[in-house]
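3D, please:
(2 chains, ligands or ions: 3)
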Amino acid sequence: MTEHIVLRHRDIERIDQLEVYLENGGFRAFESIVRKKSPEQVIDIVKKSGLRGRGGAGFPTGVKWSFLTPDVYPRYVVANADESEPGTFKDREIMERNPFQFLEGVAICAYAAQAEVAYIYCRAEFWDLTLELDRKIEQLKEGGLLGKKLFGSDFSLEMYTHLGAGAYICGEETALLESLEGKLGQPRLRPPFPAAEGLYGKPTVVNNVETLTNLPLIIDRGVDWYRKIGTEKSTGTKVFSVSGNIELPGNYELPLGTTFRELIFEHAGGIPNGHAIKAILPAGASAPILPASDEVLDTKMDYESVPEVGSSLGSASIIVIDETVDIAWVESKITDFFEHESCGKCTPCRDGTYWMKHIFERIMDDTAQAHEIDLLHTVGIGIQGKCLCALGDFAALAVTTAVERFRPDFDLHVQGKSSKAA
Amino acid sequence: MLAENYTQEIEAILAKYPSDQKRSAVMPLLFLAQREYGTLTNEAITEVGELIGLQTTEVASLVGFYSLYHDRPGGKYRIQVCTDLPCALKGAQAFADELCEKLDIEMGETTPDGQVTIEQVMCLAACDRAPLFQLQGPNGFRYHEDQSIGSAMALIESLRVRGQVDRAHRLTAS
Ligand SMILES: Cc1cc2nc3c(=O)[nH]c(=O)nc-3n(C[C@H](O)[C@H](O)[C@H](O)COP(=O)(O)O)c2cc1C
Ligand code: SF4
Ligand code: FES
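Ligands and ions are numbered 1, 2, ... in the order given. Here you go, the predicted structure:
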C-alpha cells in the first residue's frame, strides 16, 4: 500500500500542526457535512462505506449510530482511547502523530449522532498525550472549528478529555461509561445498550480512536474510494500492531484482508535469530492462540477469515511467538493478566481466573499432577458463557484453546521437564 | 487544602461535566489530591469527597479499584516496568529483575531514601519499544522506552539527587 488513511503522518510531515492539517484538506469533511448534509445522510454514508469498529468487535459503525434512541437529548459521543489490550499500541501513535484527524473524526461522529458534547476517555498513562490533546482542542476552538453554532449552523460542539486511572476493564464500553460517571469501572448489564441509555442514561455512541480517525477521509473522498480498499465485507485498512519475536516491531497500516504471512515476513521483517515461527496471537490476549501453520499464515486478516481458522481479529494486535517459546508459559502470562484485570463483578470470571492462575503456578514450577491440565481445561469451559462481559470468555478461551492446540507444551511440565529448559 | 490551593484547577475540572453530574470529577480530583499529598490518605479522600458531595467510603472504594491511585506511602517516584507478555518476549522480566538487583530492593519495594519505588505493570501500549517503564511522579506519567540498565540507573540517580536537593531546600527554608 502506498498511501496511509489513518497513519497519514507517515506521508505528510508535521500533520500534527493545525496549519499543516488544514493545508491538507483538514476539517473540509466536517465543515461540508455541517453545512450541507443531514445527520441521517452522514450515517448513511458511513453505513455504505462498510466501516467496522476497530476496537475489537468489528461492529458496523453506521449501523451502531442508527440505533440511537430517536428524539432523546442530550446525547453524547465518547472516544475510547483506553488502549490497554496487550500488544496494542496503535491509538497512541494515531493521537500523538495525527491528532487533528482523530479530533475531526470525533467531530463528524458527534454531528451524525447530534451530540453537542464529546468526551475522549484516555488511559492515565497517556498523560502527556492527553495534555497535548487539550491544547489541540483549545486551538480548534480558537479557529472556530469547535464551539457554538459552527459554520453558521445551529450545531454546537464541545470536546473534553478524561483520564482513567489504571484498569484494563475500562476499555469495555459500559465499564468506561461507569468510570466516566465517577464510579467503579465495572460493566453494565445489557440491554440497554449505550445507544439507548449510555452516559448519564442518555443515548451515547462509543467508538474506538482508529474507527473515528477513518471518518474524515471517508466523507471527503467518498464511499466508492473507500470500498476499493480491503475486502467486500471488511472494507478499508487496519493498523496492525506487531510485537513479540519479530524483527521489526511496530504499527503497519495495510488493507484488511492482507495475509499474516505478508504482514509478518514481508513488512515486519520475519523472525529474528534464524528461528522459526511457532504461534500467533492475532488479537493480543483476547483471542485464541493460533499455531503458525501454512494454512494460518495464508489466512487473510479480516473479520470473516480469522474466525474460520479458530480465532478472531479483535483489535489486530499481532503477537508473534517463535519456536523457542513454551506455550504453557505464554498462557500463564495471559492468565496472570486476566486474573489481575478481572473487575470482580461476576463469580465465574473472578474465581475462575484466580483458580486457573493457581493451577498455572503449579504447572510452571513443574509440581502439577497430570490431571491438572485437564482440570485447567475444565475450569476454562466452566467459565465460558457465564460472564457479564467478554473478559471472562476471553480469559477462558485463551486457556482452553491453548491446551487443545499445544498440549505437548503442557505435558512436558507434568513429566517434570519444560520445553523451555529442554 | 485543595479548595484554596487549586481553585482554578478544580473549577476547570468541574466545568467539563454537566452541573448535575459532579461525581464525574472524582477521578481527576483524586489525581490532583495525589499530586498535592503524595499518598491518598483518609483525610485526602474525605476532602475530595467533600468537594463533590460523596461519602468517604465511596471515594475510598474507587481508590482501591484503580491501580494508579495510591493509598499507601511509596517512593516519590514510581518506576513501573512493563513485564506483560509482548515485553516479556523481549526480555523485560530479566530487565526488571536486574534493575531490582542494582537497586538492592525487591519488586514492589522503595529505596531506603524514600525516592523510588519499583513496580511491575501490565501492557503500557508501547510494546514495540521494550524494555520500557513509565515513571509516575507527582505531576503525572512519563514514558521511558527502549531502556537499558545503564539508562534506567542514570535516570534513577538523577531523581535521587533531585530528591536530596528538594529536601535540602525544605530544611533551609524551615
Ligand atoms: C475487556 C474489554 C476490553 C476492551 N478494551 C477496549 C479498548 O481498550 N479500546 C477500545 O477501543 N475498545 C475496547 N473494547 C471494546 C469496546 O467495548 C467497544 O466495543 C468499542 O470501544 C466500540 O468501538 P468500535 O465500534 O469503534 O470498535 C474492549 C472490550 C472488552 C470486552
Ligand atoms: S466477566 Fe469479569 S471483567 Fe467482565 S464483568 Fe464479569 S468479573 Fe468483571
Ligand atoms: S506489553 Fe509492555 S508495553 Fe505492551
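
Nearest the geometric middle of chain B, what residue?
What sits nearest the mean C-alpha location of chain B, by Cα atoms, centre = their mean, is B:Gln136, with 3.7 Å.

again with chain A
Geometric middle of chain A (Cα atoms, centre = their mean) lands on A:Gly55, at 2.9 Å.

where's that residue, which helix or strand?
Using DSSP states H and E, A:Gly55 sits within no helix or strand.

these two touch, right, it and A:Ala79?
No. With contact defined as Cβ atoms under 8 Å, A:Gly55 does not reach A:Ala79; the gap is 10.1 Å. For every residue, glycine as well, the C-beta is placed using N, CA and C.

Mutual contacts of these two, please.
A:207-208 (Cβ atoms under 8 Å, 6 or more residues apart in numbering or on different chains).

Where does the record place the domain boundaries for the chain?
Using chain A. A:8-227, A:237-322, A:327-414 (automatic domain parsing).

You answered for a different chain; I wanted chain B.
Split by automatic domain parsing, chain B gives B:2-65, B:77-173.

Nearest to A:Leu254 among the ones you listed would be which one?
Of all the domains of chain B, domain B:77-173 sits nearest to A:Leu254, with 16.0 Å by Cβ to Cβ.

What about the residue of chain B at minimum distance from ligand 1, how many residues nearby?
Of all residues in chain B, B:Ala125 sits closest to ligand 1, at 8.9 Å by Cβ to the nearest ligand atom. As a burial measure, B:Ala125 scores 25 neighbours (other Cβ atoms under 10 Å in any protein chain shown).

so what's the backbone phi/psi at it?
phi 60, psi 40 (degrees, to the nearest 10).

Surely it is in contact with A:Glu93?
No. B:Ala125 is not in contact with A:Glu93 according to Cβ under 8 Å; the separation is 9.2 Å.

Let me see the ranges of the helices in chain B.
Secondary structure of chain B (DSSP state H): helices located at B:2-5, B:7-14, B:26-37, B:42-52, B:56-65, B:85-88, B:92-103, B:149-173.

Report the distance from the fourth one to the chain centre.
Using Cα atoms, centre = their mean, to the nearest Å, we find the averaged C-alpha position of helix B:42-52 to lie 19 Å away from the chain's own average C-alpha position.

contacting residues around the residue nearest to the centre of chain B?
Counted by Cβ under 8 Å, 6+ apart, B:Gln136 has contacts B:68, B:77-78, B:80.

okay if I get those residues as a markdown table plus neighbour count?
Formatted as a markdown table, the contacts of B:Gln136 follow (neighbours: other Cβ atoms under 10 Å in any protein chain shown):
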| residue | neighbour count |
| --- | --- |
| B:Leu68 | 24 |
| B:Tyr77 | 22 |
| B:Arg78 | 20 |
| B:Gln80 | 23 |
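
In contact with the nearest residue to B:Ile45 once chain neighbours are set aside, which residues?
Leaving aside its sequence neighbours, B:Ile45 sits nearest to B:Val59 (Cβ to Cβ, 6 or more residues apart in numbering or on different chains; 4.9 Å). Contacts for B:Val59 were tallied using Cβ under 8 Å, 6+ apart; they are B:26, B:30, B:45-46, B:48-49.

what's the answer for B:Asp71, then?
Contacts of B:Asp71 by Cβ under 8 Å, 6+ apart are B:39-41, B:45, B:60, B:63-64.

Run a quick neighbour tally on the closest residue to chain B within the stretch 251-400 of chain A.
Proximity to chain B, evaluated over the stretch 251-400 of chain A using Cβ to the nearest Cβ, is greatest for A:Lys333 at 4.5 Å. When neighbours are defined as other Cβ under 10 Å, A:Lys333 has 20 of them.

Now for it: which residues touch it?
So A:Lys333 contacts B:84-85, B:88 (Cβ under 8 Å, 6+ apart).

ok, and of the residues you listed, which contact chain A?
Restricting those to those touching chain A (Cβ under 8 Å from any Cβ of the partner chain) yields B:84-85, B:88.

all strands of the stretch 51-200 of chain A, in order?
A:76-81, A:117-122, A:158-163 (DSSP state E, counting those that start in this stretch).
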